[in-house]
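1. This is the structure alone, sequence omitted:
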């Protein structure tokens, strides 16, 4: 081999599938237990008074009280940080609490956020109605309106928030472009990557600074446990301007600590834990952390099946006489198809939105008659799930907000599971037959 | 805190406590391409227990101004200038990896200024892998990936950071990428590779010296660390099992325990 073709030394740090099983855990420090132990405890013995003081002063690593940290939860945090390519993570009791903790770590009363309009309904309500009660205002921008994100930035804007693939309309936010807009203004981009998991997309590689997940969904994967997490990329420079004084100036709550100076690439997570988890307390139970860890062990295996089933369902729906339209980034005429290929190389996800002919009544009949697909307010279960967003997850929105969020009354949201694909299709045939004769079926 | 050294604005963490000139001074010197943040699990303890602490960002690194210094000898002189700049006549030095070369050379050059020396992952010479050196000098991020791979032991590769939620390898990698790689890591690696005076400098050291070594350290193996320690009269050696070169993070508590015992015995604080 000539020198020109010589590859040179390669890093042998563990890769995705190995990290999914091992990251964050060392058996020899846990009585040799091969599986991660569930530390079902509220609190931890101090060696002596000096040790206690050292933990409270952040002089040493360790656990004090399970609201702040817990060894089982800590394994989950490290595992997700490793999979995302992040420096640190903080697990929370739900995805919503991860978003809330992120905002409260970033913002103060009087601050402003620019937010993608196509989000889970609960997130929309948080930004539209709840955060203003804390003095934090938000401007919504349609996910495809990249320039709109720039125009919406104000002097007091502290960040941009969006879902990479919007819920439920499947519109993509151009993450690299929006990240550049954020960074040009000296503010971070926060991405909710629940739909993707790190198997499909690593947002830090495309400019995101903080990633949040509802771990309840594909990461845990089995519809058993609520959990959320915020992950820090470690690349955002909090000291570059004076926009983030609570990150850069001495913090009274920790002896005048400056999180940015002291903890650099992990400063945001340290603050979110030290202040947010201490003062708000949305901690994750160790049992739920363990359940999520079980899910993550098979993440790549499940995501491959979710995505292949989703692509089969897209083909099936596109060819179906009862379907008016199908939105999924794998569809070649989807407006974001090219962007999805770039950002989601391992698969375009298993969330499909489609319009059913016959509008709302047909949608209701379809939902009421499928038997294998579960009608419920969740996504990312191993089982196939369906919902009619206008009457379910997004029902608290008025007409104008529904329209702005890209929702229509004929829309069905489908989270494709990993059942046999023929069984899912057969179940949908039952639903579509009922949808074509809604009155007859509803009288049966 | 920020202060001027040779005209450059320099940053050093004071461990979360105000810098107090009445307390004995401990200076922490980071490894190649890294910053003061590698010391966070040692510095804060000493700052809260009677010492003034400076975990430095070398010139051109982390939050410090100036340009990276090109030789270990320049860095050694610079440490002496730091002691002068903050108004002290003496200090205790703690170094990691490249920081060991710097503190050995500094102690040999300024024997009256340095009161104790603590070396972590140290050796008398750190010849660089030529391919790694070339990657770093070309600013290739692969250099950081390789450094993080080789600097962590097998256990460290799984994680298990003492601070809940932090992931070792990515955190270290981000520190090393915080400034331009070729201007920090590239310059530092070349300085390490060029430095040949470590063993001679070690022979001149007559102060209490501690070497903390790790069984899985590929960058400064135990046998190299012992070879250096053998040249320093009365030096103490502590070897950590199942740990790599990034011992100050991989086994932070163990390192702190040994360091605490050594410094409080040999350089006690009255505060």
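-> Good, I have the coordinates. Keep in mind that this is a model prediction, so the values were computed, not measured.
2. Which helix or strand in chain B has the lowest average pLDDT?
-> In chain B, no helix or strand scores lower on mean pLDDT, DSSP states H and E than helix B:154-158, which sits at a mean of 89.
3. Tell me the buried residues in that helix?
-> Neighbour-count burial for helix B:154-158 flags B:155-158 (criterion: 16 or more other CB atoms under 10 Å in any protein chain shown). In short, each C-beta sits where N, CA and C put it, glycine included.
4. ok, now stretch A:129-145?
-> Those would be A:131, A:136-145, for stretch A:129-145 by 16+ other CB under 10 Å.
5. ok, now stretch B:141-161?
-> Those would be B:142-153, B:155-161, for stretch B:141-161 by 16+ other CB under 10 Å.
6. ok, and of those residues, which contact chain A?
-> Counting by CB under 8 Å from any CB of the partner chain, B:142, B:145-146, B:148-149, B:155, B:157-161 from the buried residues of stretch B:141-161 sit close to chain A.
7. Report the two of these separated the most.
-> Spanning the widest gap among those are B:142 and B:160, at 25.2 Å by CB to CB.
8. that older thread, how about the buried residues of helix B:154-158 in CSV, adding distance to residue A:186?
-> Shown next, in CSV, are those (distance: CB to CB, whole Å):
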residue, distance to residue A:186
B:155, 39
B:156, 34
B:157, 35
B:158, 36
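9. Which residues lie in contact with residue B:152 in this structure?
-> B:168-169, B:172, B:244-246, B:250 (CB atoms under 8 Å, 6 or more residues apart in numbering or on different chains).
10. same question, residue B:106
-> Taking CB under 8 Å, 6+ apart as the test, what residue B:106 contacts is B:75-77, B:79-80, B:93, B:114.
11. Which two of the buried residues of stretch A:129-145 have the greatest separation?
-> A:136 and A:144 (24.9 Å).
12. So which residues on the stretch 251-400 of chain A come close to chain B?
-> For the stretch 251-400 of chain A, the residues in contact with chain B (CB under 8 Å from any CB) are A:254-257, A:261-266, A:269-270, A:273.
13. Redo those as a markdown table? Include neighbour count.
-> Compiled in a markdown table, those are given as follows (neighbours: other CB atoms under 10 Å in any protein chain shown):
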| residue | neighbour count |
| --- | --- |
| A:254 | 19 |
| A:255 | 16 |
| A:256 | 12 |
| A:257 | 22 |
| A:261 | 24 |
| A:262 | 23 |
| A:263 | 27 |
| A:264 | 26 |
| A:265 | 26 |
| A:266 | 29 |
| A:269 | 29 |
| A:270 | 26 |
| A:273 | 26 |
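14. Out of those, name the ones that lie in helices.
-> Mapping these onto helices (DSSP state H) picks out A:261-263, A:269-270.
15. now those residues as a markdown table including pLDDT?
-> Formatted as a markdown table, those follow (pLDDT from 0 to 100):
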| residue | pLDDT |
| --- | --- |
| A:261 | 92 |
| A:262 | 92 |
| A:263 | 93 |
| A:269 | 98 |
| A:270 | 96 |
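16. and the two most separated of those?
-> Checking these with CB to CB, the most distant pair is A:261 and A:269, at 15.2 Å.
17. got the contact list for residue 156?
-> You didn't say which chain, so I picked chain A. A:110-112.
18. right idea, wrong chain: chain B
-> B:168-169, B:243-244, B:246, B:249-250.
19. Find the nearest non-adjacent residue to residue B:177, please.
-> Using CB to CB, 6 or more residues apart in numbering or on different chains and skipping residues adjacent in sequence, the residue nearest residue B:177 is residue B:144, 5.6 Å away.
20. and that neighbour, what does it touch?
-> Residues near residue B:144 by CB under 8 Å, 6+ apart: B:33, B:173, B:176-177, B:181, B:185.
21. Sort out for me which of these are in helices.
-> Those of the contacts of residue B:144 lying in helices (DSSP H): B:173, B:176, B:181.
22. Turn the residues you listed into TSV, including neighbour count, distance to residue B:17 and pLDDT.
-> Shown next, in TSV, are the ones in helices among the contacts of residue B:144 (neighbours: other CB atoms under 10 Å in any protein chain shown; distance: CB to CB, whole Å; pLDDT from 0 to 100):
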residue	neighbour count	distance to residue B:17	pLDDT
B:173	24	29	92
B:176	27	27	92
B:181	22	32	95
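23. any idea which of those is closest to chain A?
-> Chain A lies nearest to residue B:173 out of those, by CB to the nearest CB, at 8.4 Å.
24. hang on, isn't that closest one packed against residue B:149?
-> No - using CB atoms under 8 Å as the test, residue B:173 is too far from residue B:149 to be in contact (9.7 Å).
25. those helices in the stretch 101-250 of chain B, which residues are they?
-> In the stretch 101-250 of chain B, the helices defined using DSSP state H, counting those that start in this stretch lie at B:130-137, B:142-151, B:154-158, B:168-176, B:181, B:187-194, B:198-203, B:222-231, B:247-250.
26. same check, this time on the stretch 151-300 of chain A
-> Going by DSSP H, counting those that start in this stretch, the stretch 151-300 of chain A shows helices at A:175-184, A:197-200, A:245-248, A:259-263, A:267-271, A:278-279, A:286-297, A:299-318.
27. Between the ones you listed, which one is closest to residue A:207.
-> Taking CB to CB, helix A:175-184 is the member of those nearest to residue A:207, at 2.5 Å.
28. mean confidence for that closest one?
-> For helix A:175-184, mean pLDDT is 98.
29. Over to stretch A:420-431?
-> Mean predicted confidence for stretch A:420-431 is 98.
30. With the flanking residues excluded, which residue is spatially nearest to residue A:166?
-> Spatial nearest neighbour of residue A:166, excluding adjacent residues (CB to CB, 6+ apart): residue A:118 at 2.8 Å.
31. Just the element for residue B:53, please.
-> Per DSSP states H and E: residue B:53 is located in strand B:52-56.
32. Past that strand, which element shows up next along the chain?
-> Sequence-wise, the next helix or strand downstream of strand B:52-56 (DSSP H and E) is helix B:72-85.
33. ok, and what's touching that next one?
-> So helix B:72-85 is in contact with B:3-6, B:10, B:12, B:25, B:27, B:29, B:54, B:56, B:58-59, B:69, B:89-91, B:93, B:98, B:101-103, B:105-106, B:109-110, B:113, B:191-192, B:194-195, B:197, going by CB under 8 Å, 6+ apart.
34. helix, strand or coil for the residue in the stretch 51-200 of chain A positioned nearest to chain B?
-> For the stretch 51-200 of chain A, the nearest residue to chain B under the criterion CB to the nearest CB is residue A:61, separated by 2.9 Å. What DSSP: H, G, I helix; E, B strand; the rest coil gives for residue A:61 is coil.
35. neighbours around it, how many?
-> Neighbours of residue A:61 under the rule other CB atoms under 10 Å in any protein chain shown: 21.
36. tell me the pLDDT at it?
-> pLDDT, read off for residue A:61, is 93.
37. cool, and the one 10 residues further on?
-> The predicted local confidence for residue A:71 comes out at a pLDDT of 97.
38. Need phi/psi at the residue of the stretch 151-271 of chain B found nearest chain A.
-> In the stretch 151-271 of chain B, the residue found nearest to chain A is residue B:162; the distance is 2.9 Å by CB to the nearest CB. Note on residue B:162: backbone dihedrals following degrees, to the nearest 10 are phi -60, psi -30.
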